[in-house]
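Asks: sequence unknown, structure follows:
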């Protein structure tokens with residue numbers, strides 16, 4: 001796709017297919033802390049929907065213009081601007097971690113284009129341990145590697161583990177700090193009943209950052225919703241178990257299409 005500018009800033013993105021009908025259902029993926037479009041590579045390659053599969057990059061991530069943000073609400077404005085700039089009419093918005101917080105925030109607004117949501121490695125509250133936030137300032141390299149290891153299950157293959165370590169090693173510590181600060185301030189425990197669109201909650205059974213109990217809480221409070229727990233996966237379930245993850249997403253979107 002050609003370059004896209006939102007509010008005067010370039011926002012990185014990729015879609016498959018590149019040429020799509022904005023009136024048809026689109027899956028829009030929003031990455032988490034320190035992520036980019038490649039977090040959704042398997043989804044871009046393998047999922048099939050009437051419109052297109054799109055992965056966008058938040059400000060300060062991938063090829064999107066910096067800086068990043070420090071609140072979920074500010075990031076949500078960029079995602080809404082992205083959707084409105086493209087003129088999308090029916091969006092299944094799927095976010096992981098920080099992206100899931102952004103997705104929840106947008107769902108509170110009852111946007112007419114929002115067809116469904118997916119909350120991946122998520123929670124209604126996303127507290128971050130102070131040693132991580134402090135470490136990004138005092139010992140950024142060491143802390144980034146620690147954070148990378150927390151993202152994956154113990155059984156994750158070495159190739160993926162090294163890929164995530166390398167990605168975090170190249171990241172700007174202050175952008176990561178901003179992302180995690182946004183997560184740390186996020187608390188919508190008392191607002192989940194405001195989400196009225198169909199919701200899919202997916203979590204890795206070995207997620208150390210947002211444990212399964214967080215996703216169970218979301219699924220209990222959001223109606224209608226369904227919960228899928230994927231064995232052998234950690235926080236980045238879409239990268240660790242792409243086949244199982246894609247099957248859950250495909251089934252969810254197909255069910256939404258049948259309701260149209």
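Replies: Perfect, I can see it now. This structure is a prediction, so every number in the text was calculated from the model and none was measured. Numbers count the residues shown, from 1 in each chain.

Asks: who does residue 229 bridge with?
Replies: Note on residue 229: beta-bridge partners residue 203, judged by DSSP bridges.

Asks: between its first and last residues, how far does stretch 93-102 reach?
Replies: With Cα to Cα, to the nearest Å as the measure, stretch 93-102 spans 10 Å from end to end.

Asks: sorry, wrong one. I was asking about stretch 82-97.
Replies: Taking Cα to Cα as the measure, stretch 82-97 stretches 19 Å from start to finish.

Asks: and the longest helix seen in the chain, what does it pack onto?
Replies: Secondary structure of the chain read by DSSP state H shows that its longest helix is helix 242-258. Under the contact definition 3 or more Cβ pairs under 8 Å, 6 or more residues apart in numbering; DSSP states H and E, helix 242-258 sits against strand 25-30, helix 41-46, strand 90-96, strand 114-120, strand 199-204, strand 225-230. For every residue, glycine as well, the C-beta is placed using N, CA and C.

Asks: may I see the ones you listed organised as JSON lines, with mean neighbour count and distance to residue 60 added?
Replies: Formatted as JSON lines, the helices and strands packed on helix 242-258 follow (neighbours: other Cβ atoms under 10 Å; distance: least, Cβ to Cβ, whole Å):
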{"stretch": "strand 25-30", "mean neighbour count": "27", "distance to residue 60": "14"}
{"stretch": "helix 41-46", "mean neighbour count": "16", "distance to residue 60": "20"}
{"stretch": "strand 90-96", "mean neighbour count": "26", "distance to residue 60": "16"}
{"stretch": "strand 114-120", "mean neighbour count": "26", "distance to residue 60": "21"}
{"stretch": "strand 199-204", "mean neighbour count": "26", "distance to residue 60": "26"}
{"stretch": "strand 225-230", "mean neighbour count": "18", "distance to residue 60": "29"}
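
Asks: out of those, nearest to residue 257?
Replies: strand 25-30 (6.2 Å; Cβ to Cβ).

Asks: hmm, who's touching that closest one?
Replies: The contact list for strand 25-30, computed with Cβ atoms under 8 Å, 6 or more residues apart in numbering, reads 20, 39-40, 43, 47, 49-56, 58, 79, 82-83, 88, 90-96, 99, 102-103, 115, 249, 253, 256-257.

Asks: could you dump the helices and strands packed on helix 242-258 to a markdown table with distance to residue 129 and mean pLDDT?
Replies: Formatted as a markdown table, these follow (distance: least, Cβ to Cβ, whole Å; pLDDT from 0 to 100):
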| stretch | distance to residue 129 | mean pLDDT |
| --- | --- | --- |
| strand 25-30 | 23 | 98 |
| helix 41-46 | 29 | 98 |
| strand 90-96 | 19 | 98 |
| strand 114-120 | 21 | 98 |
| strand 199-204 | 19 | 98 |
| strand 225-230 | 24 | 98 |
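
Asks: dump those into TSV; add distance to residue 163 as well.
Replies: Shown next, in TSV, are the helices and strands packed on helix 242-258 (distance: least, Cβ to Cβ, whole Å):
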stretch	distance to residue 163
strand 25-30	18
helix 41-46	10
strand 90-96	16
strand 114-120	18
strand 199-204	17
strand 225-230	19
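
Asks: ok, which of these comes nearest residue 187?
Replies: Closest among the helices and strands packed on helix 242-258, using Cβ to Cβ: strand 114-120, at 15.2 Å.

Asks: other SSEs contacting that closest one?
Replies: Other helices and strands packing on strand 114-120, by 3+ Cβ pairs under 8 Å, 6+ apart, are strand 90-96, helix 98-107, strand 199-204, helix 242-258.
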